[in-house]
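A.B. asks: what's the 3D shape of this:
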Amino acid sequence: MLSEGISIEELTKKRTPSELMSWVEQKMGQIESTDEGERALTLHEGLAKQLMEEVYPLAIFGWRKFGNTDQVLMQPIIDDQPYDAILTDLRSKPASQSYVEITQAHEGENDYLRRLVFQRQGNVFMPSRVIKTGTKKTGLRVSVSPNANSGEVAPSELERIYLAAERKAAKDYPVNTSLIIIFKDDRFFQRAIDDAKLDAFVKKCILKLDLRFSTLYLVGWQNVFREFSLSKRT
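C.D. replies: Numbers count the residues shown, from 1 in each chain. Below is the predicted model:
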């Protein structure tokens with residue numbers, strides 16, 4: 001378990017979008033420079049979990065949404081609060097404050113198992129089936145089939161995006177809270193789903209959910225960035 005090189009104070013410091021992105025990239029490089037750190041980063045162990053699952057997505061969102069401005073401050077929150085970050089917008093007088101909830105479209109246990117294979121082997125077939133036998137107690141064995149079916153990637157990822165949104169439905173959040181769903185927009189996904197198709201999917205499926213947020217953002221790890229106003233909450 002990683003026990004040094006990252007702290008709560010670092011994770012929760014207020015930064016501009018460009019400062020946060022630069023810090024995350026520098027911190028990730030620092031952590032993965034050791035075998036222990038590389039494992040923690042890959043498997044999301046210790047505070048590396050918050051770094052990879054909350055702070056890094058927040059940095060990607062901030063850079064794409066606000067760009068290189070010093071008039072927006074972003075502060076990750078790593079404690080028991082109904083949001084994952086506070087945004088302070090200094091462009092308005094007086095300054096305004098809003099909140100962000102971050103969730104991931106993922107495969108559940110298979111997401112961890114893929115990362116485990118990657119940590120052990122240095123590569124993994126992302127669109128392929130995960131095969132697991134045994135347990136941590138009896139001896140966990142994991143393999144990923146090399147027979148990738150890229151045609152299944154886009155529908156599967158759309159389903160994971162829907163399930164991520166559904167997990168947040170019918171839950172109350174502070175007024176002026178936005179929801180960020182971070183997802184894998186690899187080349188297979190981007191080849192099959194353009195912005196128009198993604199927007200149509202959101203309007204048909206996700207916007208019908210009881211999402212008690214002011215705005216929904218779909219943020220791909222690579223390129224995609226889509227914003228949807230949710231009129232129920234302001």
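A.B. asks: Report the secondary structure state of the residue most central in space within the chain.
C.D. replies: Residue closest to the average C-alpha location in the chain (C-alpha atoms, centre = their mean): Ile182, at 3.8 Å. Three-state assignment for Ile182 (DSSP: H, G, I helix; E, B strand; the rest coil): strand.
A.B. asks: State the pLDDT value of the nearest residue to Ala95 once chain neighbours are set aside.
C.D. replies: Nearest non-adjacent residue to Ala95, counting by C-beta to C-beta, 6 or more residues apart in numbering: Thr88, 5.8 Å away. All C-beta spots, glycine's among them, are computed from the backbone N, C-alpha and C. What the model reports as pLDDT for Thr88 is 98.
A.B. asks: what's the answer for Gln81, then?
C.D. replies: At Gln81, the model reports a pLDDT of 90.
A.B. asks: Can you tell me the number of residues neighbouring it?
C.D. replies: 12 (other C-beta atoms under 10 Å).
A.B. asks: With Ser98 instead?
C.D. replies: Neighbours of Ser98 under the rule other C-beta under 10 Å: 17.
A.B. asks: residues in contact with it?
C.D. replies: Listed by C-beta atoms under 8 Å, 6 or more residues apart in numbering, the contact set of Ser98 reads 86-87, 89, 176-178, 214.
A.B. asks: so the residue nearest to the centre of the chain bridges to which residues?
C.D. replies: According to DSSP bridges, the partner residues bridging Ile182 are Gln104, Val219.
A.B. asks: any idea how far it lies from Glu36?
C.D. replies: Here Ile182 is placed at a distance of 26 Å from Glu36 (C-beta to C-beta, to the nearest Å).
A.B. asks: Just to check, Asp195 is in contact with Glu227?
C.D. replies: No: assessed by C-beta atoms under 8 Å, Asp195 is found out of contact with Glu227, at 11.1 Å.
A.B. asks: tell me the strands in the protein, going along the chain?
C.D. replies: Assigned by DSSP state E, the chain shows strands spanning 72-76, 85-89, 96-104, 130-133, 141-144, 177-183, 215-220, 225-229.
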